[in-house]
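Undergrad: Provide a 3D model corresponding to the input given below.
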Amino acid sequence: MMLIRELRKDETGLLRDFLYEAIFIPEGVDPPERKIVEQPELKLYYEDFGEGRADHCLVAEDSDKVIGAVWTRIMNDYGHVDDDTPSFAISLYKEYRGKGIGTDLMKEMLALLKDKGYKQGSLAVQKANYAVRMYKKVGFEIIDENEEEFIMVCKM
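TA: The predicted structure follows:
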């Protein structure tokens, strides 16, 4: 049975795995080595997670196995819009994608952030990523773009 719950303290190491899974790899391109998540611009997604005021993480669990995660923090990442807006990261293991689990995770996290008093959330997504449709479905709107990515914001 599928369960959405908060990430436990002893599970923060999972964020490295899910960050790697979140890297969008266009068709025909070889995936990068796992150590790519050690780069400074990627480490800020998981390093010391749980210490920031906007550090929140929900996981999807199926038969006692964590299969996906959505997490937020205020960080100077690609989706950063201001110091009061948490940036989103979301990832599911490949075999669980396309089943609505990501949508459920996003909706739960948006509700959690709203309860905590946040006015909006943001993210950056590669234009070619199929997840753009899901983000729009849960309420994100494109506010800016560069050659490769959309910057999207969801008002609460």
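
Undergrad: only C-alpha atoms for contact and neighbour calcs from this point on.
TA: Fine.

Undergrad: Tell me which helix or strand S122 sits in.
TA: Assigning secondary structure by DSSP states H and E places S122 in strand 120-126.

Undergrad: which ones are touching the closest residue to C57 other than its chain neighbours?
TA: Once flanking residues are discounted, C57 sits nearest to W71: 4.1 Å by C-alpha to C-alpha, 6 or more residues apart in numbering. With contact set as C-alpha atoms under 8 Å, 6 or more residues apart in numbering, W71 has these partners: D55, H56, C57, L58, F88, A89, I90, M109.

Undergrad: Kindly report the same for L7.
TA: L7 is in contact with C57, L58, V59, counting by C-alpha under 8 Å, 6+ apart.

Undergrad: how close does the last one sit to I25?
TA: Noted for V59: a distance of 22 Å to I25, by C-alpha to C-alpha, to the nearest Å.

Undergrad: again, but for Y93
TA: Here Y93 is placed at a distance of 14 Å from I25 (C-alpha to C-alpha).

Undergrad: Please apply the same query to L3.
TA: Using C-alpha to C-alpha, which is the criterion applied here, L3 is 28 Å from I25.

Undergrad: Next: A60.
TA: Using C-alpha to C-alpha, one gets 22 Å for the distance from A60 to I25.

Undergrad: quick one: which of these two has more around it?
TA: Here A60 and I25 are set side by side on neighbour count (other C-alpha atoms under 10 Å), and the busier one is A60, at 22 against 14.

Undergrad: which non-adjacent residue is nearest the more buried one?
TA: Distance criterion C-alpha to C-alpha, 6+ apart; nearest residue to A60, sequence neighbours excluded, is I4 at 4.6 Å.

Undergrad: I'd say S122 and D77 touch.
TA: No - distance between S122 and D77: 10.2 Å, which falls outside the contact criterion (C-alpha atoms under 8 Å).
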